[in-house]
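# Sequence plus the predicted model coming up.
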Amino acid sequence: MPTVAQLLTAEEYARLPEDGRRTELVRGEILEMNIPRPRHGQLCSRIDRRLGTFAETQGLGHVVANDAGFVTSRDPDTVRGPDLAYISYAKVPKGPLPADEYLEVAPEIVIEILSPTDRWADVLRKGGEYLSAGVEVVCVVDFEDEAVHLYYDRKPSVVLRGGDLLTFPEQLPGFSFPLTELFE
């Protein structure tokens, strides 16, 4: 008789000891992920610096990186760790974020940087989870194609290329990042 794996809650997942693997909790099961390549890290760092500096100097909100976890659904639980996320101070007041639990509030912006091993179907499914959880914009950076894909819950998606500017006018008025600088 086949055994049924016990599904973990977000709280149980948070208490697991660190073992060096990159994982997410997806519908109660641990999903192992590949370690990002250097180009992925470089782009993540560029966006983090630009976005974080803007949000901080404007007093708008938190920018988190490094796969900080967010609960995107319950029963069974899913905890996703985007490459970057922006959460306004209106949702989470200024100050230290939790150190031993995952945020249950949806960030306004989630940024994922494609890796060569990522499959578009998986990325779109994950983006859909973020949007269903209340994220306003899912930004997917495709460095091989030098494009940025913006997905919204109630608006058509947008693809930015070349001399376009990455902006988030509703979430971060005044922020802009030229793609030519991002991909240089």
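Right, received. Where do you want to start?

# mind checking the end-to-end distance for stretch 30-43?
Using C-alpha to C-alpha, to the nearest Å, one end of stretch 30-43 lies 27 Å from the other.

# pLDDT of it, averaged?
Confidence for stretch 30-43, expressed as mean pLDDT, is 88.

# Low-confidence ranges, the protein, go.
1-4 (pLDDT under 70).

# any chance you could map the helices in it?
10-15, 38-57, 120-132, 179-182 (DSSP state H).

# now those as TSV including distance to residue 171 and mean neighbour count?
C-betas here are computed from N, CA, C, even on glycine. Shown next, in TSV, are the helices of the chain (distance: least, C-beta to C-beta, whole Å; neighbours: other C-beta atoms under 10 Å):
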stretch	distance to residue 171	mean neighbour count
helix 10-15	25	16
helix 38-57	10	16
helix 120-132	14	15
helix 179-182	18	15
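
# Ok, which of those helices comes nearest residue 73?
helix 120-132 (6.9 Å; C-beta to C-beta).

# Let me see the contact set for residue 137.
Neighbouring residues of residue 137 by C-beta atoms under 8 Å, 6 or more residues apart in numbering: 108, 109, 110, 150, 151, 152, 168, 171.

# so the fifth one touches residue 131, yeah?
Read it as residue 151. Yes: counting by C-beta atoms under 8 Å, residue 151 does reach residue 131; the two are 6.6 Å apart.

# so what sits against both of these two?
By C-beta under 8 Å, 6+ apart, the residues touching both residue 151 and residue 131 are residue 138.

# Much appreciated, bye for now.
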